[in-house]
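Undergrad: Okay, sequence plus prediction incoming.
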Amino acid sequence: MPENHVSLQLEGMTCTHCSETVNGIICQEGGDKVHVDYLMGEATFELSDQSKLKIIEKRLESAGYETLEESIHKKTRLSTIEKKFLFTLPFSLVLFSHMFMPSDSFLNIPLVQLFLCLPVFALGFFHFGQSTIQALRVRSINMDILILLGSTSAFIYSLFAFRVDAHHAHDFLFFETTSTIISLVLLGYVIEHRAVKKTTAALKSLINHQPSKAKRLVQNGLNQDLEVVNASSLSVGDQVLINIGDTVPVDGIIRHGNVEVDQSMMTGESDSVFVGIGERVLSGSVVVNGSATLKTSSDHVNSTLGQIINLAKESRLDKPDIQKLSDQISKWFVPTILILSALSFLLNNLILGESLTESLLRSIAVLVISCPCAMGLATPTAVSVGLGVANRLGIIIKKASFFEVINAVEAFAFDKTGTLTTGQMNFELIRTSNNFTKNDVGAIIKSLESRSSHPIAQSLVKQFDAFESVNLEDFEEIIGEGVQAKTQFGKVTLGKSKNPDADLELRIDDEEVAHLIKSEELKEGAGSFINGLKKSGKRVYLLSGDSQSKTSTISNELGFDTYRANMSPKEKLDFLDSQMATETVAMIGDGINDAPALSKATIGIAMGLSNAISSKAAGIVLLSTNVNRVERLLQISSAVVRTIKQNLFWAFSYNIVAIPLAALGYLDPMVAALSMAFSDVVVIGNSIRLRYTLSKKFT
């Protein structure tokens, strides 16, 4: 991460207009590559002149956004917006109650109403005013200007009551309108702030799962000393002690001992697994039994959990197309409302013949009932929920826009080995030369395949583990072909067999030494998943580098629309090119030879962590090799897109219906403020409903 990278935690952002203000302030003070995530309350940017950071923080605070240093001390206290609401509430309640009192009541005295309203108005004026000024300084207009104008208009107009006789003064008194508008808007912000936290709970849980400390073993003569260090200070090759209850800080290989670990936070699989000497354990795993010494194979940032967190954050930098359209509309929303409010006043007063008072009230109602925030919140809240649920199931979606992409895919292309089959294969070894012993052949196969990360290689290493290893030089893995190296026996090559009855062949100095014939089984649930895709109208293709007989058997058993056997990576690309001319295609696979196809497809889905290249090539990574994760991915995508459409329908419908009603006098400003305050909550509530619905579905 660059030294000039800055990450600020902010409190007080409520919508896209807030993020635009924050973005503008940072850019004006020299910030570059700015991204503001108002749901997570975070602003990240690069700042070459670090002396400007204090200026940025000061300007953000003057705009009403608290920075991390202040927020840390208030974790267990009320937020600023909550304090402001609670301050205004007693004044507004007392002032509002005058409407139910006799005309000669103490509360109906204009001067009393003014003094009750003044503290609320002053707080609201400075709260919404500061935000408006900062927004205007960065050439943006946020919704606070609507509240500022609406409440100020009602307050100033109420001052006219002191210029008329006591009998008619009540016709001009709208101090309770001013006060109630401010209190209700602040109440809406409080509820919205708390509700938004629920939509990002899963993502924050993932971030909080990353341990801050680690127990590092340091050699001191013949002994080892234990020191507690920051997990971020660990580097590759360190020795780390892990005990029951510990969260593994970084990826590593067990050197001593054995442990039972819960990897559910990483892969979504609930069953714990046993990890022994020489086996890999993932960062983020929780030790539920045992104790072990771990030799680290990654640092904090590049660990599996670190990469997942980075991907989760990066995915939020992206916007679905439907949100981009909504953002464009939101930019013009506030200026449009200002014009409509003015037109409402003129229409009511000059054309409909309404009184000055009634015309002003209708104009104010238009200002305070309008809600651009609902449109801005519609997509991000649903996306946040979807990303959180997906991450908890071990589904890493690299861009938010992929929800739309995967939901619209028309066809699915599958690799076979390790994707639809278990990847745990048994091999029958047939020696075709007597020049080398079985031990020689077994040792060569084990040594070659231990350098490869292909699923077949893992099975071969496991099967030939009992053999000794041989020294390798100039090892090379040729994508789609096999592996080769120099040994004391000569140049050895293990790859595709020319014999149609065999799968692999071992050659030494171009002499055929042995054949390998494999057998494998389908993953549980593969048949029902493929059948489900077909029933939903999707086309399914099987693309495999395996033999014709094995590929056709799997294809017929699962009911694929078509299949291709003996395919090289180039042939997979050609097939995808041909199909993508007429349809959108998702490619699902693992293994190094799938990387080009995963990159080429409309959307690539990599299963498992068996190969880093495949994971980088894919748009979506499934940490589990369970085929039902693909099914859940599709269910989540469908639910997220559906919820976004529901949210946007509500947001647009609300404004289309509410604004004319306010302009025609069917809603007074206080009812309008209440409606505006809770319009956002409806959108957020629908997204929270999605969270509970999906969580219940997948438990």
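TA: Thanks, I have it. Numbers count the residues shown, from 1 in each chain.
Undergrad: So in this protein, where's the weakest helix or strand by average pLDDT?
TA: For the chain, scoring each helix and strand by mean pLDDT, DSSP states H and E identifies helix 68-72 as the least confident one, at a mean of 47.
Undergrad: Can you name the secondary structure element that comes next after it?
TA: helix 80-96 (DSSP states H and E).
Undergrad: So for that next one, mean pLDDT?
TA: Averaging pLDDT along helix 80-96 gives 89.
Undergrad: Convert that helix to PDB, retaining C-alpha atoms only.
TA: The C-alpha trace of helix 80-96 is given here as PDB (Å, rounded to 0.1, in the frame of the first residue of the first chain):
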ATOM      1  CA  THR A  80     -23.700  13.600  17.500                       C
ATOM      2  CA  ILE A  81     -26.800  13.300  15.400                       C
ATOM      3  CA  GLU A  82     -28.500  11.500  18.200                       C
ATOM      4  CA  LYS A  83     -27.600  14.200  20.700                       C
ATOM      5  CA  LYS A  84     -28.900  16.900  18.400                       C
ATOM      6  CA  PHE A  85     -32.200  15.100  18.000                       C
ATOM      7  CA  LEU A  86     -32.600  14.500  21.700                       C
ATOM      8  CA  PHE A  87     -31.800  18.200  22.300                       C
ATOM      9  CA  THR A  88     -34.500  19.400  19.900                       C
ATOM     10  CA  LEU A  89     -37.200  16.900  20.900                       C
ATOM     11  CA  PRO A  90     -38.500  18.500  24.200                       C
ATOM     12  CA  PHE A  91     -38.800  21.900  22.600                       C
ATOM     13  CA  SER A  92     -40.600  20.500  19.600                       C
ATOM     14  CA  LEU A  93     -43.000  18.400  21.700                       C
ATOM     15  CA  VAL A  94     -43.900  21.300  23.900                       C
ATOM     16  CA  LEU A  95     -44.300  23.700  20.900                       C
ATOM     17  CA  PHE A  96     -46.300  21.200  18.900                       C
END
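Undergrad: What are the phi and psi values at Thr21?
TA: Here is the backbone geometry of Thr21 (degrees, to the nearest 10): phi -60, psi -50.
Undergrad: need the contact list for it.
TA: Contact analysis of Thr21 by CB atoms under 8 Å, 6 or more residues apart in numbering lists Ala63, Ser131, Gln134, Ala135, Val138, Ser140, Asn142. Bear in mind the C-beta positions are built from the backbone N, C-alpha and C, glycine included.
Undergrad: if I look at the first one, how far off is Val409?
TA: Pointing back at Ala63 there. Here the criterion is CB to CB, to the nearest Å. By it, Ala63 lies 42 Å from Val409.
Undergrad: do Ser151 as well
TA: To Val409, Ser151 is 49 Å away according to CB to CB.
Undergrad: out of these two, which sits in the more crowded spot?
TA: For the pair Ser151 and Val409, the greater number of neighbours falls to Ser151 (29 against 20), based on other CB atoms under 10 Å.
Undergrad: Could you report the separation of that one from His17?
TA: 18 Å.
Undergrad: One more: Ser131?
TA: Counting by CB to CB, the gap from Ser131 to His17 is 9 Å.
Undergrad: same thing with Thr562?
TA: Computed as CB to CB, the Thr562 to His17 distance reads 50 Å.
Undergrad: cool, Cys117 as well?
TA: For Cys117, the distance to His17 (CB to CB) stands at 27 Å.
Undergrad: now swap in Phe427 and tell me
TA: Per CB to CB, Phe427 is found 62 Å from His17.
Undergrad: again with Val492
TA: 65 Å.
Undergrad: Settle it for me: which of those two has more neighbours?
TA: Per other CB under 10 Å, whichever of Val492 and His17 has more neighbours is His17, with 25 against 22.
Undergrad: if I've got this straight, that one is in a helix?
TA: Yes. Applying DSSP: H, G, I helix; E, B strand; the rest coil, one finds His17 inside a helix.
Undergrad: any idea what sits nearest it, other than its immediate chain neighbours?
TA: Closest residue in space to His17, ignoring its immediate chain neighbours: Asn142 at 3.6 Å, by CB to CB, 6 or more residues apart in numbering.
Undergrad: what's near enough to touch the one you found?
TA: By CB under 8 Å, 6+ apart, the residues touching Asn142 are Cys15, His17, Cys18, Glu20, Thr21, Ser131, Thr132, Ala135, Val334.
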